[in-house]
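A.B. asks: Got a predicted structure plus its sequence, pasted below:
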Amino acid sequence: MSMKTAKFFSAGYNDGLAALLDTVIDNNPHANYGIIGISFGGMVACNTLFQYHRKEEIMVQLILSSPLDSLKTITRLNALRAKVLYSLPFGKKIKRLISNNQEVFKTKAQKKLFRSISRSESVSITDIDDMFIAPMFGYNSSTDYYKDICISRCLKETQTFTICVNADDDPCYSKEVGFIFHFVYFMN
């Protein structure tokens with residue numbers, strides 16, 4: 001099925017996930033709920049729950065293979081070796097996805113952003129976020145976006161029992177941040 005509208009998602013919040021949680025909780029008000037997110041989905045789940053108006057009804061969240069510190073992660077991914085392995089191929093896929101769905105760009109601002117991405121030779125995650133994601137969601141730069149979507153920021157202030165699981169050799173995982181959160185949240 002092709003996209004019919006210009007609906008893009010940010011790791012900072014997902015109104016579709018919030019609406020789904022509302023529907024599920026409304027239809028089963030006496031059940032216990034948890035939320036699970038993997039990779040980018042972990043960032044979306046954590047940030048959505050952090051802002052969710054009924055977060056006290058979610059008992060636990062499990063975050064798997066997700067970057068706890070977005071800015072540190074993107075710095076690692078943009079390093080030479082990681083850029084070749086992760087960022088450039090991912091950026092090319094995102095650019096192709098945007099190009100293949102150009103008909104959904106309706107507003108002048110969306111069309112301008114599309115043209116900017118289409119002409120660019122840059123295809124790293126940071127380049128796409130700077131040219132497309134950050135402006136679309138009201139951020140001044142990808143750095144501002146990465147700071148805002150940082151899971152560690154949400155976890156410091158959440159009351160929801162949280163388990164974060166990452167592999168030690170995962171380039172998106174920061175051991176020092178992970179240790180702090182494993183310690184804090186397993187002890188609560």
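C.D. replies: Arrived safely, thanks for sending.

A.B. asks: Next one: residue 160 relative to residue 132, how far apart?
C.D. replies: 31 Å (Cβ to Cβ, to the nearest Å). The way it works is simple: take the backbone N, C-alpha and C, and place the C-beta from them, glycine included.

A.B. asks: The protein: helices as residue ranges?
C.D. replies: Taking DSSP state H as the criterion, the chain contains helices spanning 15-27, 40-51, 70-77, 80-82, 88-100, 108-119, 125-128, 134-136, 142-148, 151-157, 175-187.

A.B. asks: for those, which one sits closest to residue 61?
C.D. replies: helix 40-51 (5.8 Å; Cβ to Cβ).

A.B. asks: Please tell me how far the residue of the chain positioned farthest from its centre sits from residue 155.
C.D. replies: Most distant from the centre of the chain: residue 30, at 29.7 Å, with distances by Cα atoms, centre = their mean. Applying Cβ to Cβ, the value for residue 30 to residue 155 is 28 Å.

A.B. asks: can I get the helices of the chain in JSON lines with mean neighbour count?
C.D. replies: Shown next, in JSON lines, are the helices of the chain (neighbours: other Cβ atoms under 10 Å):
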{"stretch": "helix 15-27", "mean neighbour count": "13"}
{"stretch": "helix 40-51", "mean neighbour count": "22"}
{"stretch": "helix 70-77", "mean neighbour count": "20"}
{"stretch": "helix 80-82", "mean neighbour count": "11"}
{"stretch": "helix 88-100", "mean neighbour count": "15"}
{"stretch": "helix 108-119", "mean neighbour count": "14"}
{"stretch": "helix 125-128", "mean neighbour count": "22"}
{"stretch": "helix 134-136", "mean neighbour count": "19"}
{"stretch": "helix 142-148", "mean neighbour count": "19"}
{"stretch": "helix 151-157", "mean neighbour count": "18"}
{"stretch": "helix 175-187", "mean neighbour count": "13"}
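
A.B. asks: among the helices and strands of this protein, which has the poorest mean pLDDT?
C.D. replies: helix 175-187 (a mean of 43; mean pLDDT, DSSP states H and E).

A.B. asks: pretty sure residue 63 is touching residue 163, no?
C.D. replies: Yes: the pair residue 63 / residue 163 is scored as a contact, 7.2 Å apart, by Cβ atoms under 8 Å.

A.B. asks: The two: who's more crowded?
C.D. replies: Remark: of residue 63 and residue 163, residue 63 carries more neighbours, 27 against 15, as counted by other Cβ atoms under 10 Å.

A.B. asks: For the residue nearest to the more buried one when sequence neighbours are not counted, give me its contacts.
C.D. replies: Leaving aside its sequence neighbours, residue 63 sits nearest to residue 42 (Cβ to Cβ, 6 or more residues apart in numbering; 4.0 Å). When contacts are counted by Cβ atoms under 8 Å, 6 or more residues apart in numbering, residue 42 touches 63, 64, 65, 66, 151, 164.

A.B. asks: same thing but at 7 Å, please
C.D. replies: Applying Cβ atoms under 7 Å, 6 or more residues apart in numbering, we find residue 42 in contact with 63, 64, 65, 66.
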